[in-house]
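S.K.: Pasting a predicted model and its sequence here:
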Amino acid sequence: MSRRSNQLDELLQDWLHANSLRKTEVQRQLRDAMDEHPDGGMQTSPEQVQFMGLMLKAMNAKQVIEVGVFTGYSALGMALALPKEGKLIACDISEPFMSQARVWWQKAGVDHLIEERIGPGADSLRALITEGHTGTFDFMYVDADKTGYPDYYELGLQLLRVGGIIAFDNMFRGGDVADETVTDENTVATRALASKLLHDHRIEYSLIPIGDGLGIGMKRDD
Ligand code: CA
């Protein structure tokens, strides 16, 4: 549901894509392949991936975490924005998805920048803390099970450096967050997270209407 920015009509969306995207050939191929994929709607919108790549470059980011890899499109876009000594820790619970993603990363020549962690996202993040990586990451992108977001948030805040950014995808739930009659657990969890982020003084905060809503928190000095 976040393959496109759902606030835009189709005409403007097409214009935005034609007039702003700078996709590499492999990104284009992956995008096209996902049009045929049964879960292709899970893929992050290209304008959002490009925006995150710009953020990474603006921050001079070297250490990045992604929770929820799917078939690797967002990780590919972020890896392309990293310097040669950069590292992206790619976390996903699904080995089949990770295997599909790996093929694209190899094709694009960025696989050496990506370290795979297969298992529940919170376990992978706890392992990074145990391994001594607290306070070392520049950026974390969360696009996974929505009920897991509170855990990813707390663990992510530990792993980020001061000034580091955590970004949450699907904050709009296709518009369902604003419709109180929608009470599925993912939407309820997303509403709770939105409220938490708004009132949490450990971060600077902005919720951006791109893709399916991107919540951005920057870790403050405490
Ligand atoms: Ca998503």
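M.R.: Yes, it's here.

S.K.: what stretches of the protein score poorly on pLDDT?
M.R.: Residue ranges of the chain with pLDDT under 70: 1-6.

S.K.: which residue ends up closest to the midpoint of it in space?
M.R.: Central residue of the chain (C-alpha atoms, centre = their mean): Tyr141, 3.3 Å from the mean position.

S.K.: Could you list which residues are in contact with that residue?
M.R.: When contacts are counted by C-beta atoms under 8 Å, 6 or more residues apart in numbering, Tyr141 touches 52, 64-68, 74, 78, 167, 169. Just so you know, the C-beta spots here come from the backbone N, C-alpha and C atoms, and that holds for glycine as well.

S.K.: name the element it belongs to?
M.R.: Tyr141 is part of strand 137-142 when elements are defined by DSSP states H and E.

S.K.: Ok, Ser124 next?
M.R.: Element membership for Ser124, per DSSP H and E: helix 121-130.

S.K.: the inter-axis angle of that helix versus strand 137-142?
M.R.: With axes from the mean of the first three to the mean of the last three C-alpha atoms, to 10 degrees applied, the angle from helix 121-130 to strand 137-142 works out at 170 degrees.

S.K.: which outside residues touch helix 121-130?
M.R.: Outside helix 121-130, the residues that touch it by C-beta under 8 Å, 6+ apart are 65, 67-68, 89, 91-93, 117, 144-145, 148, 151-152, 155-156, 158-159.

S.K.: Stretch 149-157 now?
M.R.: Outside of stretch 149-157, the residues within contact range by C-beta under 8 Å, 6+ apart are 65, 67, 121-122, 125-126, 129, 137, 140, 142, 144, 166, 168, 189-190, 192-193, 196-197, 202-203, 217, 219.

S.K.: which of the residues you listed count as buried?
M.R.: Burial by neighbour count, 16 or more other C-beta atoms under 10 Å: within the contacts of stretch 149-157 this picks out 65, 67, 121-122, 125, 137, 140, 142, 144, 166, 168, 189-190, 193, 197, 203, 217, 219.

S.K.: I'd like the distance between the residue nearest to the centre of the chain and Ser94.
M.R.: Separation of Tyr141 from Ser94 (C-beta to C-beta, to the nearest Å) stands at 17 Å.
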